[in-house]
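In: Model the structure of this input:
(one chain, ligands or ions: 1)
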Amino acid sequence: MSTAITPIISIDRKARRPLHAQIYDGYRDAIVSGALHPGQRVPSTRGLATELGVSRIPVLGAYAQLTAEGYFESRTGAGTTVSLSLPDQSVLGQPRNGGFIRINELQRTVARHPNLPDSVANPPWRRGWGAFGVGQVAVDQFPFREWNRLVARHSRGASAKSLDYGHTMGLKDLREAVASYLRTARGVRCEAEQIMIVSGSQQALDISVRVLLEPGSRVWLEEPGYRYARHVFALNRCRVVPVPVDDEGFNVARGMKLCRKARAALVTPSHQYPLGATLSAARRLQLLDWAARSGSWILEDDYDSDYRYESMPIASLQGLDANSRVIYIGTFSKVLFPSLRLGYVVIPGDLVDRFQIVRLATDIGPATFSQAVLADFIGEGHFSRHIRRMRMLYRERRNVLVSSIEKEFGHRATVTGEKAGMHLCVVLDGVKDREIAARAAQAKLWLQPLSSSYMGKGALQGFILGFGSTRPSEMPSAVRKLKAILDAESR
Ligand SMILES: Cc1ncc(COP(=O)(O)O)c(C=O)c1O
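Out: Numbers count the residues shown, from 1 in each chain. The predicted structure is shown next:
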């Protein structure tokens, strides 16, 4: 089947310029402007004639001319393509910048979001895969055989219904599977009707903020905290109030001192990101009490709580809430893999309609196909089996990492947050963590500087080390390499 795409060629039958010349002009302009690239296939003369509604003769004429002038070339079996020997667009006279023609920016205005970064950050430590990459899962341990079998089953059995728009709340089978898992494993109080399937926690947060908050609303965020969450509030023009965390997690009393009238708090109670504290029982009750009294919302980001190594997983904050003040957010990014882009929100029953309205105004819903595959993956027991296996596997990776850090760094380093999840923090005094992290990336170690999780002053220096994608056998040498980089830096 031809992969050729027809460029926009406008034909004017009343024009004095003959048809073959108009077709020639159309192609030449498309090539010179960069709309068609060297090597790109063009439609057959017959195909183009049909698309343009003209006879084949002017098309044959135009193609012959373009070939004679070197714009086209044809090879037997490969059809006709834009000539590979053509220079790139900059030589052809159209300066291009990543596919966009440069335009004087002063002539155009875009929306201003004062607290959003101006450009997409691509720091060195986010550019690779392997030792210490944060959020990286053990991909080689994923049960692809089972997953692929379900993918094949759903591809073969695609029905008209499965190809239509899905339900705004998500696929019913998946919502039921998620609800039953959350009730049992996370102590969440919910029914399937309250579960909305979303494209990851990031979207869950965005929809929740659009439903619950208004521009100017003040929101408590953990300091340090998950920086991408901060951007959601900036985008929705909320005002963030950084509230420090300590060994008991989010410091509610400090939040009340800093801004009692905040309309919401975003918290990671099971495993504070990135430092790793578990929100204490007293603080949980204090936070729920504050929300009930002040009419505020709690956004509970429960991103990696299935992996707990020294006790049972901690029950959700939502399960303790008697006033429907908690919006519970979860993701499959850690327990399965992040490119799946699937997560969920548990919505208080009376707000389900409002969430759906906002949802419909944005993207309607994630692909039904992956939801159906995931529903079966959970339903057939592969999900819980995978979590159980990964819990053991990550525990071992964590153990090796912690003992390697102790061996190499001794008392110089304080390890936090190692009781759960797929990352831990190493707090180190007197280092410049960003500089070290950039240097480490050159040596293919992908640790994140701890200070980048802070909004305000007084950042602790250290590193967030992911252990999900590193085999135990490779861990000690990766830690030694990190130590060598630090030693070289402090010399
Ligand atoms: C605190 C926190 N929340 C949520 C997520 C996951 O986000 P998503 O579901 O959008 O992949 C992460 C990922 O790293 C995280 O660190």
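In: The ligand contacts on the stretch 201-350 of the chain?
Out: By CB under 6 Å from any ligand atom, the part of the stretch 201-350 of the chain that sits against the ligand consists of 201-202, 226, 268, 273, 301, 303, 331, 333, 338, 343. For every residue, glycine as well, the C-beta is placed using N, CA and C.
In: Any of these buried? List them.
Out: 201-202, 226, 268, 273, 301, 303, 331, 333, 343 (16 or more other CB atoms under 10 Å).
In: of the residues you listed, closest to Leu428?
Out: Using CB to CB, Tyr273 is the member of these that sits closest to Leu428, with 19.0 Å.
In: ok, the spatially closest residue to that closest one that is not a sequence neighbour - contacts?
Out: Excluding its sequence neighbours, the residue lying closest to Tyr273 (CB to CB, 6 or more residues apart in numbering) is Tyr226, at 4.8 Å. Listed by CB atoms under 8 Å, 6 or more residues apart in numbering, the contact partners of Tyr226 are 268, 273-274, 301, 453.
In: Leu52 against Thr45, yeah?
Out: No: Leu52 lies out of contact with Thr45 (CB atoms under 8 Å); the separation is 10.6 Å.
In: Give me the common contacts of these two.
Out: With CB under 8 Å, 6+ apart, Leu52 and Thr45 have common neighbours Val59.
In: pLDDT of stretch 393-409, averaged?
Out: Across stretch 393-409, pLDDT averages out at 98.
In: what comes up buried for it?
Out: Quick answer for stretch 393-409 (16+ other CB under 10 Å): 393-394, 397-398, 400-402, 404-405, 408-409.
In: what does stretch 125-137 give?
Out: 125, 131-137.
In: Between which two of the residues of the stretch 201-350 of the chain next to the ligand is the distance greatest?
Out: The widest separation within these (CB to CB) is 16.8 Å, between Thr268 and Pro338.
In: Can you tell me what sits against the longest strand belonging to the chain?
Out: Counting residues, the longest strand found in the chain (DSSP state E) is strand 239-246. With CB under 8 Å, 6+ apart as the contact definition, strand 239-246 has outside contacts at 115, 216-225, 230, 233-234, 250-251, 254-255, 258-259, 262, 265, 272, 275, 277, 454-456.
In: residue ranges of the helices in the stretch 351-491 of the chain, please?
Out: Remark: helices assigned in the stretch 351-491 of the chain by DSSP state H, counting those that start in this stretch are 352-362, 368-379, 382-409, 433-442, 475-490.
In: can you redo the ones you listed as TSV with distance to Arg56?
Out: Below are those laid out as TSV (distance: least, CB to CB, whole Å):
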stretch	distance to Arg56
helix 352-362	46
helix 368-379	40
helix 382-409	55
helix 433-442	57
helix 475-490	64
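In: Reformat those as a markdown table; add distance to the ligand.
Out: Converted to a markdown table, these look like this (distance: least, CB to the nearest ligand atom, whole Å):
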| stretch | distance to the ligand |
| --- | --- |
| helix 352-362 | 15 |
| helix 368-379 | 14 |
| helix 382-409 | 15 |
| helix 433-442 | 16 |
| helix 475-490 | 20 |
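In: Just name the most buried of those helices.
Out: helix 368-379 (a mean of 21; mean count of other CB atoms under 10 Å).
In: packing partners for that helix?
Out: helix 144-156, helix 160-163, helix 172-186, helix 382-409 (3 or more CB pairs under 8 Å, 6 or more residues apart in numbering; DSSP states H and E).
In: pull the helix or strand with minimum mean pLDDT from this structure.
Out: Of the helices and strands making up the chain, the lowest-confidence element is strand 96-97, at a mean of 47, by mean pLDDT, DSSP states H and E.
In: follow-up on the earlier one: just the buried residues out of the contacts of strand 239-246, in PyMOL syntax.
Out: Here is the PyMOL command that selects the buried residues among those (16+ other CB under 10 Å):
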select buried, resi 217+218+219+220+221+222+223+224+225+230+233+250+251+254+255+259+262+265+272+275+277+454+455
